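Chemist: Show me the folded form of this:
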Amino acid sequence: MIMPKLTFLPHKQICPEGKTIEVEPGLSVCDAALKNGIDIEHACEKSCACTTCHVHVREGLDSLEEASEMEEDYLDKAWGLDTDSRLSCQTIVGEEDLTIEIPKYTINLVSENH
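Modeler: Next comes the predicted model:
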């Protein structure tokens, strides 16, 4: 079985050294991160009802399924939105390697002054 690699770029609080993990296709980026000790925020419990798990897919974005209309609606509210933005709870790993950047802030982090 092909085990794609997810490379998380360094993030000051969540994974200061960055981390590369191998995961099975079909898992969400959020679940893959959480299972591997990368404590990505997910305030809505991964139900696509907030933007706290917002990530930037810096490499491999083209290999992913398109974002749903609901995901797109929430992404519009995310801090630091760009063309590589996805909600990690809705982003399902395919067979390609991904490079993921966790934004410096989420809406939650900003409002709670972390």
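
Chemist: could you pull out the helices for this protein?
Modeler: 29-35, 69-75, 107-112 (DSSP state H).

Chemist: quick one: which of those has the weakest pLDDT on average?
Modeler: Among those, helix 107-112 carries the lowest mean pLDDT, at a mean of 53.

Chemist: any low-confidence regions in the protein?
Modeler: Along the chain, segments meeting pLDDT under 70 span 107-114.

Chemist: Which residue lies nearest the spatial centre of it?
Modeler: residue 88 (3.2 Å; C-alpha atoms, centre = their mean).

Chemist: ok, residues contacting stretch 56-71?
Modeler: The contact list for stretch 56-71, computed with C-beta atoms under 8 Å, 6 or more residues apart in numbering, reads 7, 9, 29, 48, 75, 80, 82, 84-87, 90-92, 94-103. Bear in mind the C-beta positions are built from the backbone N, C-alpha and C, glycine included.

Chemist: tell me which residues of that stretch are tucked away?
Modeler: The neighbour-count check on stretch 56-71 (16 or more other C-beta atoms under 10 Å) flags 56-57, 60-61, 64, 67, 71 as buried.
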